[in-house]
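> What follows is a predicted protein model with its sequence.
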Amino acid sequence: MKDKNCYFNKYANEGYLKYWQASANDDAGSNVIVEAAPTAEEFNGYFRLKNTQTNKYIMLGADGNFSVTGNRPMMNPSNVFLLEQNTDGTIRMSHGNRYVANNTFKATDAQEQAYPILLLRTSANSYALYAKDGHGLGNSYWQNSSASGASLSFQTGDAGGSKWKLEPATTLILPLIPFENAAYSTAYMPFAYTVDNGITANIISIAGSTAKTTAITTVPAGTGVLLISPSAEVTMATLNIVAPAPELTQTNVLTGTYTPQLADGSQYTFSAGPDQDRLGFYIYTAGAPLNPYRAYISAASASGVRAFLLDPQTLTGITSATEDNKQKDIYDLQGRRLNKASRPGLYIVNGQKQLKR
């Protein structure tokens, strides 16, 4: 009954182990209760799913399909999934409220279409992702073999490519962009998190043409923020993934996307601007790709504003640039007019001295 070749699944609602004799897909009439479990094995939380044969991780692809990748797993938000148990012991797997759809590896926004998965333990911390007959797939396993590249497939046999390790997802590393004396990035993640090491996560509100930043302690899933490090030497932010947090009650104009989208000319994205000399949120070119897991401001929140410029002195202050002040008059200290301030030094910009570092 406890042969090492048996496969089992511990059901959360029933609190016992089920064994499949001989092989995990030979379940007709062979599953029996072998011992009581004092507590149920829980799979609620954020995980990365790593194939034991290819060492690749399941991810949500750019086209909305689920596939696999081995590229920098600790820096890749697309491979972090929320696993939630159904009352029958099966699992729902989602990424930013997008679920694996029935019969496909395509994402769906409809939870009622979420594809139920059985996790069958095959060894210590190794599982088969199993689809019971009745979901249109027969008794099938999720598989990624060395011959299948980045593709996932359903296989009826319990092959080597159908074993997956469940790695608790506790952190994600996000690069920051150093600029002058600080470092910055935006973020829009499918999980809740906190940041440390002096880095702050800031939401943005707008009243007319005035923008205001507010630091928050815990960032809920699906919340756009501006991450700010007060030191240009700290260029990596560690996002500490935490339990789901309530949605914000404060106004926040930052939003984002989990998959690449094309800008339509109504988004302000974070950059150093056309002259690469002033950080802020600038109108993004229509047709250019919006990066996933980064935040932007919708133009609907910022009527008549050309850009939101970050104040390098206060780090978190933001001023608005309207069409009326679009033109910059830039002179060097010798009185020569310039197209832009390309080198470090003092310049006269619109009649005011400015130091470019």
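Done, it's in.
> Contact partners for the residue lying closest to Glu247 once chain neighbours are set aside?
Excluding the flanking residues, the one nearest Glu247 by CB to CB, 6 or more residues apart in numbering is Pro220, at 5.5 Å. (C-beta placed from N, C-alpha, C; glycine too.) Listed by CB atoms under 8 Å, 6 or more residues apart in numbering, the contact partners of Pro220 are 192, 244-248.
> And the furthest pair within these?
Pro244 and Leu248 (13.1 Å; CB to CB).
> and the contacts of Pro220, which are buried?
The neighbour-count test (16 or more other CB atoms under 10 Å) applied to the contacts of Pro220 identifies 192, 245 as buried.
> ok, so of the contacts of Pro220, who is nearest Ala114?
Nearest to Ala114 among the contacts of Pro220 is Pro244, at 16.6 Å by CB to CB.
> quick one: the closest one and Pro190, what's the gap?
11 Å (CB to CB, to the nearest Å).
> Tell me the residues that contact both of those two, please.
82, 221.
> contacting residues for the nearest residue to Lys56 once chain neighbours are set aside?
Nearest residue to Lys56 in three dimensions, chain neighbours excluded: Val68, at 4.0 Å (CB to CB, 6+ apart). For Val68, the contact set (CB under 8 Å, 6+ apart) comprises 51, 54, 56-59, 144, 150-152.
> neighbours around Leu279, how many?
Here the number of neighbours of Leu279 (other CB atoms under 10 Å) works out to 22.
> Spatially nearest residue to it, not counting backbone neighbours?
With sequence-adjacent residues excluded and distances taken as CB to CB, 6+ apart, Leu279 is closest to Leu310, at 4.4 Å.
> before we move on, the earlier item: which SSE is immediately downstream of the helix or strand hosting the residue nearest to Lys56?
Assigned by DSSP states H and E, Val68 belongs to strand 66-69. Proceeding N to C from strand 66-69, the next assigned helix or strand is strand 81-85, under DSSP H and E.
> tell me the mean pLDDT for the following helix or strand past that next one?
As assigned by DSSP H and E, the chain's next helix or strand after strand 81-85 is strand 91-94. Averaged across strand 91-94, pLDDT comes to 84.
> Quick check: which helices or strands does strand 91-94 pack against?
Under the contact criterion of 3 or more CB pairs under 8 Å, 6 or more residues apart in numbering; DSSP states H and E, strand 91-94 touches strand 81-85, strand 99-100.
> can I get those strands in a markdown table with mean neighbour count, distance to Ala183 and mean pLDDT?
Below are the helices and strands packed on strand 91-94 laid out as a markdown table (neighbours: other CB atoms under 10 Å; distance: least, CB to CB, whole Å; pLDDT from 0 to 100):
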| stretch | mean neighbour count | distance to Ala183 | mean pLDDT |
| --- | --- | --- | --- |
| strand 81-85 | 20 | 29 | 88 |
| strand 99-100 | 25 | 35 | 77 |
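> Which residues lie in contact with Phe47 in this structure?
Phe47 neighbours (CB under 8 Å, 6+ apart): 80-81, 83, 166-169.
> go on, Tyr46?
Taking CB under 8 Å, 6+ apart, we find Tyr46 in contact with 80-83, 168-170, 191, 241.
> Check which helix or strand it maps to.
Tyr46 belongs to strand 45-51 when assigned by DSSP H and E.
> So which residues make contact with the helix or strand following that strand?
Counting by DSSP H and E, the element after strand 45-51 in chain order, helix or strand, is strand 57-60. Residues outside strand 57-60 that contact it (CB under 8 Å, 6+ apart): 48-51, 66-70, 73, 76, 78-79, 81, 95-96, 98, 107, 142, 152, 164, 258-259.
> Now, of those, which are buried?
Restricting the contacts of strand 57-60 to buried positions leaves 48-51, 66-68, 73, 76, 78-79, 81, 95-96, 98, 107, 142, 152, 164, 258-259, with burial counted as 16+ other CB under 10 Å.
> From Val80, how far out is the closest residue to Pro168 other than its chain neighbours?
The spatial neighbour of Pro168 that comes closest, neighbours along the chain excluded (CB to CB, 6+ apart), is Phe47 at 6.0 Å. According to CB to CB, Phe47 stands 8 Å off from Val80.
> now swap in Arg336 and tell me
On the measure of CB to CB, Arg336 and Val80 end up 52 Å apart.
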